[in-house]
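Sharing a model that was predicted from the sequence below.
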Amino acid sequence: MFKLNEKNLKGLTSEAIKEYNSISSKNEKIKDNLSHSILGEESNLDSLAFITFIIILQKKLEKFNFKVNLAIEISKKNMNSLDLKNLIKLIDDINQRKN
């Protein structure tokens, strides 16, 4: 089994984006671009779409023994905005703390 690192976190995030986009409405697609905002005023996602994406990503992370609830960790940070780059950084930081 591979260990989580920034490179495979980007890959897992891309996989989650593809899966999410396959089920999302036209107005709530996520661009596979690190600067794409998924939370906040600049985001095109509503709260249900955001949580749906996070759940899809969470399932992919669990394959790497990542057992932290990502939605709860994001809510603990009380973030007003979040882009894909900072989401990956957050996951990497959480993963580093648990190892």
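Yep, it's here.

I30 contacts L45, doesn't it?
Yes. Counting by C-beta atoms under 8 Å, L45 is a contact partner of I30 at 7.3 Å. From N, CA and C alone the C-beta is placed, and that goes for glycine too.

who touches both of those two?
Jointly contacting I30 and L45 under the rule C-beta atoms under 8 Å, 6 or more residues apart in numbering are 38, 53.

Can you tell me the element K89 falls in?
Using DSSP states H and E, K89 falls within helix 84-98.

same check, this time on K10
Assessed by DSSP H and E, K10 sits inside helix 6-23.

Report the backbone C-alpha coordinates of that helix in CSV.
In CSV, the C-alpha atoms belonging to helix 6-23 read as follows (Å, rounded to 0.1, in the frame of the first residue of the first chain):
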residue,chain,number,x,y,z
GLU,A,6,1.3,15.5,-1.8
LYS,A,7,1.7,13.8,-5.2
ASN,A,8,-0.8,11.0,-4.6
LEU,A,9,-3.1,13.4,-2.8
LYS,A,10,-3.3,15.4,-6.0
GLY,A,11,-4.1,12.2,-7.9
LEU,A,12,-6.8,11.1,-5.4
THR,A,13,-8.3,14.6,-5.5
SER,A,14,-8.4,14.4,-9.3
GLU,A,15,-10.1,11.0,-9.2
ALA,A,16,-12.7,12.4,-6.7
ILE,A,17,-13.3,15.4,-9.0
LYS,A,18,-13.9,13.1,-11.9
GLU,A,19,-16.3,11.0,-9.9
TYR,A,20,-18.1,14.0,-8.4
ASN,A,21,-18.4,15.7,-11.9
SER,A,22,-20.0,12.6,-13.3
ILE,A,23,-22.9,13.0,-10.9
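
Show me which positions of the helix or strand following that helix end up buried.
As assigned by DSSP H and E, the chain's next helix or strand after helix 6-23 is strand 37-39. Of all the residues in strand 37-39, those buried under the rule 16 or more other C-beta atoms under 10 Å are 37-39.

What is the burial count for the closest residue to I91 other than its chain neighbours?
Computed as C-beta to C-beta, 6 or more residues apart in numbering, the closest residue to I91 that is not its neighbour in sequence is L9, at 5.7 Å. When neighbours are counted by other C-beta atoms under 10 Å, L9 registers 22.
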